Each structure stands twice: as C-alpha cells, then as structure tokens.
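1. Okay, predicted coordinates and the sequence, questions at the end:
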Amino acid sequence: MPPRMIRHSPAPSSPDSALNDVLETRLTTRLRTRIQRGGPIPFARFMELALTDPEAGYYTSAEPRPTREGDYLTAPELHPIFGQCLALQIVEVWDRLGRPVPFLLREYGAGDGTLALTVLEEIEQAAPRLAASIGYEPIEVNPHRLAELRARFAARSLMANLRDLGERLPAGVVIANEYLDALPVHRLVRRATGLRERYVDWSEGRFIEVEGPVSDPELEAACCNLGVATPDVVVEIRPGVQRWLDDVASSLDAGVAIVLDYGGTSADLFGPHHPEGTVVGYRRHRLAASPLEDPGEQDLTAHVDFGDLVSAARERGFEILGVTSQAAFLMGSGLEALLRRAQSKPSTTLQDLLTLRSAVRRLLDPRLLGGFRVAI
C-alpha cells in the first residue's frame, strides 16, 4: 500500500468526466492510470516523465520547442551574437591549455544545433587551426532534433566535426546552456512534524499535489546540507546535478565546463520570495496556469541552485573559475567587439541592426537574460 498522503490543497471541482477523458493527453491518461493503480508519485518522477517520456514527453516531441513560434526562446535562438561570445571563450580556453589537438566541444541539450553551428562558424574566423581539428559531441534526448542537427551539419559540410556520444574529452569544453533547469526536482517542505515531500496524485479529474513521507533518505541529507530551515517553504532538491557533474568529471581530463542558466543560491530561492518553490510551466511564451496541467504539452523548469552546484563541483575536484551574471560573462567574452564588427559590415542592413540591438538589450538586461547566472 502507498504511504498515507495529506492533501496539499483542495482540488477544484472538475468538468464532466466524459468530456475530461476526451481532452486528456496520452501522457495524462497513462500517468492517471499509474497513480490510480500504484498511488501518488514524487513530483520529480512526474516532471521526468512529463519532459522525457520516450513516447509523449515534452522534450521528445517532433514539434519545435525553442522558437519564436514555439513555447520559449533561449539566447542562441535570440541572436547569433550569443554563440559568437561563447566561441571566443572556447578559443581562449583552447589557447590557455596550450592549443591541444584533438579538442572536443560537448553540448548538453544540443537541440537542432543552432548554438553549435554559430560557435563553429565563429571559431573558423577566430582560430582556423582550432576549427580544423575541433570535434563536436551533441547530447540530446530528442531523436527528431538530433536528425535535424545532423542534416544542418551535412548542409554546411561539417559532418567530419561530429563525434560519437560518450567519447572521452582529453581536452575540451562542456557547455550546458539552460540544461540543468530542466532536470527533475524533488519538492520538500519542513512542517512542525518533520520534513515532508510533495507527491502528485489524481483527484476529481485533475492532478494535484499531496504531502507524504520523504521518498529517499538521501533527500533529507541534501536538504540539511543546503542549510535551509525555514518552515512551510518548499525546498527543491535536484539529484541530477550531481549525476551530471559525475558524468563530466569522469570524461574530461583537462578543460572547462560552462553552465548558463537562471537561478541563485539556496537563500535566494528557498525563502519568502518563493514559498511554493520555483517550478513553473511555459506554453506559447507564457507562464502556464499550473505545472501539473497537460503533462507533455508544456515546458517544466525550476531555478538552478548555483550554490549547491558549486559545492558539488568542488567535491568532484573542479576548480571554480568564476560565477557571475550572464551580462557580465558576455561583456567579458567580447560582446562589444562583436557588436562593433557587426555594425561595421557593409552587408548589415538597418533591420539587421535593429534586430541586433534588440537582442543585445535582452541579453544584457538584468531583468531578462542578463540576469541569468554563469558558472565556469
């Protein structure tokens, strides 16, 4: 029998059950059936299936997601100048390592290759010798996006740069741009009776959150390590960050890992500003009404705890070279010079300039993408 749960909040009345069954997504039906048969599941499991279920997950769908017509827009899709800045940072790493050959670039959450193609194109201009020997390894769960990536690489005669999944990095750079935020989180809350975990249940025609015993003792230890003792505030634990760091640490001999994402420290994220945690859903460039609605049809994300990330990285032997804002990182990586270069090109049109300046404002604005964090 599943543990007895305490309902987090009463579920609102549901629509007609027959109509509700018709409107259910494939994944909703499967999750509902699973919960009805086996009891509530940890929110982390719900989030994992909603995003990466092989048949109906949000990130495994054939539909394009990070586009102006899709559900959200990341910095690489906003403008190539973002990838150009990253390319110059990669060239600097290669130079400081003594210009090793071979040199590998690994990207987690590679998508259709938008960022990679911009990076490789800029490297070709900035460091032709590196461009001739660099390998690119895309890590991507969506087979549709991988197929598109390979087609785009073939169209630009870059197939020779592609490397096999899991290849060791004797020297290289690892990029995780808006990747860690999509790793599932367990949602814990400290009550007067002790630490509890949020589960997802099905009641009156919809998914709801309920509270129950912590599903794994290691989560209690992780929560204690964060030093967050505020009662009745949701704390999000993301075990996948440690597994991701283990993967990078076991494969990279020399080089740099660059994490770009939105987040803060435990004190920033798990307190009065976010009493219910930071998990949100995105659909059509807008916040969804609830992260529990229509699993597989909306993006789910939670802020990255950069304090926990840095601590876990140090435990695995990484040296922290810096943690800063994305705006500061881009400025330090040559954004101003790239902006001047684009403005001085004879082929640059007025529309090009307007698009570029609008993108740069968004990339530097601390209320928008400029407020993202970067850990190196």
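-> Structure's in. What do you need?

2. Can you pull out the low-pLDDT segments for the stretch 51-200 of the chain?
-> Residues of the stretch 51-200 of the chain meeting the criterion pLDDT under 70: 64-73.

3. cutoff 80 now
-> For the stretch 51-200 of the chain, applying pLDDT under 80 flags the ranges 63-73, 165-167.

4. Do you have the helices of it handy? List them.
-> 75-78, 80-96, 114-126, 128-133, 143-155 (DSSP state H, counting those that start in this stretch).

5. Restricting to C-alpha, output the last one in PDB.
-> Below are the C-alpha coordinates for helix 143-155, written out as PDB (Å, rounded to 0.1, in the frame of the first residue of the first chain):
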ATOM      1  CA  PRO A 143      15.800  12.000 -31.900                       C
ATOM      2  CA  HIS A 144      13.900  14.500 -34.100                       C
ATOM      3  CA  ARG A 145      16.200  17.300 -33.000                       C
ATOM      4  CA  LEU A 146      19.300  15.100 -33.500                       C
ATOM      5  CA  ALA A 147      18.200  14.300 -37.000                       C
ATOM      6  CA  GLU A 148      17.700  18.000 -37.700                       C
ATOM      7  CA  LEU A 149      21.200  18.700 -36.300                       C
ATOM      8  CA  ARG A 150      22.900  16.100 -38.500                       C
ATOM      9  CA  ALA A 151      21.100  17.500 -41.600                       C
ATOM     10  CA  ARG A 152      22.200  21.000 -40.800                       C
ATOM     11  CA  PHE A 153      25.800  19.900 -40.200                       C
ATOM     12  CA  ALA A 154      25.700  18.000 -43.500                       C
ATOM     13  CA  ALA A 155      24.300  21.000 -45.300                       C
END
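
6. Touching that helix from outside, list them.
-> 60-62, 110-113, 116-117, 138, 140, 159, 161-162 (C-beta atoms under 8 Å, 6 or more residues apart in numbering). Where C-beta positions appear, they are placed from N, C-alpha and C, glycine not excepted.

7. and the angle from that helix to helix 114-126?
-> Helix 143-155 runs at 20 degrees relative to helix 114-126, counting by axes from the mean of the first three to the mean of the last three C-alpha atoms, to 10 degrees.

8. How about helix 143-155, which residues are buried there?
-> 145-146, 148-150, 153 (16 or more other C-beta atoms under 10 Å).

9. closest to Glu92 among those?
-> Nearest to Glu92 out of the buried residues of helix 143-155 is Phe153 (C-beta to C-beta; 24.4 Å).

10. quick one, what contacts Gln351?
-> Residues counted as contacts of Gln351 (C-beta under 8 Å, 6+ apart): none.

11. can you tell me how far it sits from Ile320?
-> Look at Gln351 and Ile320: by C-beta to C-beta, to the nearest Å, they are 41 Å apart.

12. hmm, back to that, just the buried ones from the contacts of helix 143-155, in ChimeraX syntax?
-> Buried residues within those, by 16+ other C-beta under 10 Å, are selected in ChimeraX with:
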select :60,61,110,111,112,113,116,117,138,140,161,162
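
13. got the helices of the stretch 51-200 of the chain as a markdown table, with distance to Leu364 columns?
-> Putting those into a markdown table (distance: least, C-beta to C-beta, whole Å) gives the following:
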| stretch | distance to Leu364 |
| --- | --- |
| helix 75-78 | 11 |
| helix 80-96 | 11 |
| helix 114-126 | 18 |
| helix 128-133 | 27 |
| helix 143-155 | 28 |
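
14. Quick one: closest of the ones you listed to Gly271.
-> helix 75-78 (27.6 Å).

15. Assumed Pro275 was part of a helix.
-> No: if the criterion is DSSP: H, G, I helix; E, B strand; the rest coil, then Pro275 is coil and not within a helix.

16. so what pLDDT did the nearest residue in space to it that is not next to it in sequence get?
-> Closest residue to Pro275 apart from its sequence neighbours, by C-beta to C-beta, 6 or more residues apart in numbering: Val233 at 5.2 Å. Note on Val233: pLDDT of 89.

17. Tell me which residues of the top strand by length along the chain come out buried.
-> The longest strand of the chain (DSSP state E) is strand 194-203. Neighbour-count burial for strand 194-203 flags 196-202 (criterion: 16+ other C-beta under 10 Å).
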